[in-house]
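> show me the folded form of this:
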Amino acid sequence: MLPAAPSPGSAKTPDFSVLLSDSYGLVADIKRGFPLDDEDFLRAVTNLQKYDRPLNFRAGRGNESAVPTDQDILLILPLRDANEIVTRIEKQKKEGNLKFERNLVVLEWHWDSDRNEYLFRKVAAQTAEFRDGALPDEIRLSKILGEQAASIKITPDKIKSIKAIWQFCNDAPPPIYTLVFLWTKIFYHLLDPQQREIWRKRDPRTTIYVELTTQRLTKEIQSRYQFRWGHWTDWARDALDALVQAGLARKTAQDSYVVGYRNLVRELGEPSHPSMGRESGLRHNEYARILASYICRGVSSADEAEQSAPGPPIQKNLFTK
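Numbering: from 1, shown residues only. Here you go, the predicted model:
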């Protein structure tokens, strides 16, 4: 999303934006928390004023754009700190230290593990309200979250298909997140037919060496998962560098790597595996655990002894002679 009248270096990068109609839009930032020091806190909140101006929203799959008549700034916070932060914001507003032309509305979120759902609701202590009166009643957040004081509940199954295809948030994912995605969704498709036959034998001790570049990797991702705003070159590079640290890849040149790819299904304890590399049913959190443990060990000695106790061997650097 760019400003209505962009100038060099003036691009705005909220975590996400939503154009609900030609009349109304939302610009949102997701924060884990704010500084405890009052001066630093005020500086951090004031930073949200970069969205307090007319902004040009993307309005379609092409290059269409629109500047809505009204827009509000949405701040999304964890439940544990939201009420305290809103109280501090209201205090700064009353003291005249903080002012927004557009409304700064704060939502708190919470993961309910018992019900397997995310819960979003408006923090009660704030004075700001959604200015979405031009929208139909049934989609007005001012009515749902304000007048009715209701919450929005979302289960992961309702968003997983969208999340798998479209980038929802501007924040760069942690390298381990990208790495699990590459390992379970992308690397298989870079194998030649002979390598795929080897991979299907499901032996975690057999390493398949794959030569690739970040450009090739990005092209493969974009052809299979049409992310419109993903900074995949940077994200893939970070993930591959993490593999280098783990001893599972070697950097051969700028943006060129050799990856030691393996089928980890038996290490995960899975009873079976799809034959064509589709791993959607596998436990991605377990992949993250295994790959993260390799990265944390960062083993770089090829002659390190195998574990004498029962269990999987210690991961060695596959590229040290």
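
> are we agreed that Y188 is in a helix?
Yes. Secondary structure of Y188 (DSSP: H, G, I helix; E, B strand; the rest coil): part of a helix.

> distance of Q148 from E84?
To E84, Q148 is 25 Å away according to C-beta to C-beta, to the nearest Å. C-beta here means a position set from N, CA and C on the backbone, and glycine is covered the same way.

> mind checking which of those two has more residues around it?
The neighbour comparison of Q148 against E84 (other C-beta atoms under 10 Å) goes to E84, with 14 against 9.

> state the helix or strand in which the more buried one lies.
Here E84, judged by DSSP states H and E, is contained in helix 79-94.

> other residues contacting that helix?
With contact meaning C-beta atoms under 8 Å, 6 or more residues apart in numbering, helix 79-94 is reached by 33-34, 38, 41-42, 45, 77, 98-99, 104, 106-110, 123-127.

> which ones among the residues you listed map onto helices?
Those of those mapping onto helices are D38, F41, L42, V45, per DSSP state H.

> same list, the residues you listed, but as TSV with distance to V258 please.
Listed next are the ones in helices among the contacts of helix 79-94 as TSV, based on distance: C-beta to C-beta, whole Å:
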residue	distance to V258
D38	52
F41	48
L42	50
V45	47
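
> who wins on neighbours among the residues you listed?
Highest count within the ones in helices among the contacts of helix 79-94 by other C-beta under 10 Å belongs to V45, 22 neighbours.

> circling back: now, which of the contacts of helix 79-94 lie within strands?
L77, L104, V106, L107, E108, W109, H110 (DSSP state E).

> count the residues that sit near the fourth one.
Pointing back at L107 there. Quick note: L107 (other C-beta under 10 Å) scores 21 neighbours.

> in contact with it, which residues?
Neighbours of L107 in contact, by C-beta under 8 Å, 6+ apart: L74, L75, I76, L77, A82, F120, R121, K122, V123, L145.

> identify the bridge partners of the fourth one.
In this case it means L77. Note on L77: beta-bridge partners by DSSP bridges are E108.

> which ones are touching V45?
F34, I89, Q92, L98.

> of all those residues, which comes closest to L179?
Comparing the contacts of V45 against L179 with C-beta to C-beta places F34 closest, at 30.3 Å.

> ok, that closest one - how many residues close by?
19.

> surely it meets A44?
Yes. F34 lies in contact with A44 (C-beta atoms under 8 Å); the separation is 5.2 Å.

> that older thread, which two in the ones in strands among the contacts of helix 79-94 are spaced the farthest apart?
L104 and H110 (20.6 Å).

> the two: who's more crowded?
L104 (22 against 14).

> across the sheet, point out what pairs with that one.
With DSSP bridges as the rule, L104 is bridged to I73.

> tell me where the stretch 201-321 of the chain has strands.
Counting by DSSP state E, counting those that start in this stretch, the stretch 201-321 of the chain has strands at residues 208-213, 249-253, 256-261.

> neighbours around R53, how many?
14.

> I'd like the distance between it and E138.
According to C-beta to C-beta, R53 and E138 sit 30 Å apart.

> could you do K31 as well?
Counting by C-beta to C-beta - K31 and E138 are separated by 29 Å.

> neighbour count winner among the two?
K31 (17 against 7).
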